[in-house]
Each structure stands twice: as structure tokens, then as C-alpha cells.
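Trainee: show me how the following folds:
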Amino acid sequence: MRAILDIILILLNFASLVVFIYVVFSLLVSFRVLDTRNQFVSTVWRILYQTTEPFLRPIRNLMPKGWQIDFSPFVLILAIIFLQRIIAYYIYPNVF
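Mentor: Purely as a prediction, here's the structure:
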């Protein structure tokens with residue numbers, strides 16, 4: 001059972017890393033440091049968008065409209081950290 005929890009923790013770490021890369025990449029695209037007409041940049045952007053959007057869209061729907069800054073990646077990373085802490089402090093020590 002601990003092996004499964006370890007795998008879940010690794011996947012959560014990977015997910016937070018992907019969200020962080022998505023945020024950095026979206027900033028670079030929005031400030032026109034990276035050009036989406038480049039095929040490699042476009043492919044990476046599409047992959048990042050398709051992997052993070054199913055998790056970010058429900059958070060965006062819950063957040064108030066009209067803000068200029070998208071805080072949904074920040075909320076998702078906080079939720080991932082919260083879930084990691086729950087697993088590490090409460091579930092992991094109680095597994096045989």
C-alpha cells in the first residue's frame with residue numbers, strides 16, 4: 001500500500017511541475033518571447049494546454065469573472081500541495 005501512495009505522491013509532484021511549466025510557458029507566449037507560429041513551440045504549447053486544461057477549467061469556472069490575472073494554476077498547485085500533505089501526514093503513517 002505504501003508503494004501505491006509513493007506513486008501517487010510522485011504523480012502529484014509531476015503534476016505540479018507540469019502546471020508550473022504551463023504557467024512559465026504561457027507567460028513567455030503572452031509576452032511574445034516565444035512565437036506560437038514555430039512548430040515546436042506550438043506543439044509544446046498544445047501538449048501543455050491539453051494536459052492542464054481539464055484540471056484548470058473547473059477552477060476557472062468557480063473563480064469570479066472580471067479579473068485580469070488567471071489564478072487557477074496557483075489554486076491548482078495549492079490543492080496539489082494540500083493533497084500531498086494529507087497523504088504524507090495522515091494516510092502514509094497509518095498504512096501497515
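
Trainee: find the nearest non-adjacent residue to S16, please.
Mentor: I80 (4.7 Å; C-beta to C-beta, 6 or more residues apart in numbering). From N, CA and C alone the C-beta is placed, and that goes for glycine too.

Trainee: name the helix or strand for the one you found, please.
Mentor: Element membership for I80, per DSSP states H and E: helix 72-86.

Trainee: helices or strands up against that helix?
Mentor: helix 2-30, helix 39-62 (3 or more C-beta pairs under 8 Å, 6 or more residues apart in numbering; DSSP states H and E).

Trainee: how about JSON lines for the ones you listed, with mean neighbour count, distance to I86 and mean pLDDT added?
Mentor: Shown next, in JSON lines, are those (neighbours: other C-beta atoms under 10 Å; distance: least, C-beta to C-beta, whole Å; pLDDT from 0 to 100):
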{"stretch": "helix 2-30", "mean neighbour count": "14", "distance to I86": "11", "mean pLDDT": "96"}
{"stretch": "helix 39-62", "mean neighbour count": "13", "distance to I86": "18", "mean pLDDT": "96"}
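
Trainee: I91 is nearest to which of the ones you listed?
Mentor: helix 2-30 (6.5 Å; C-beta to C-beta).

Trainee: so what's the most centrally placed residue in the chain up against?
Mentor: Nearest to the mean C-alpha position of the chain, by C-alpha atoms, centre = their mean, lies V19 at 2.9 Å. By C-beta atoms under 8 Å, 6 or more residues apart in numbering, the contact set of V19 is 52, 55-56, 73, 76-77, 80.

Trainee: if we go to 10 Å?
Mentor: 48, 51-52, 55-56, 72-74, 76-77, 80 (C-beta atoms under 10 Å, 6 or more residues apart in numbering).

Trainee: which of those sit farthest apart?
Mentor: Top of the distance list for the contacts of V19 (C-beta to C-beta): T51 and F74, 17.4 Å.

Trainee: and F96, what pLDDT?
Mentor: On pLDDT, F96 comes in at 69.

Trainee: wait, which of the helices and strands packed on helix 72-86 is closest to P93?
Mentor: Nearest to P93, of all the helices and strands packed on helix 72-86, is helix 2-30, at 10.0 Å by C-beta to C-beta.
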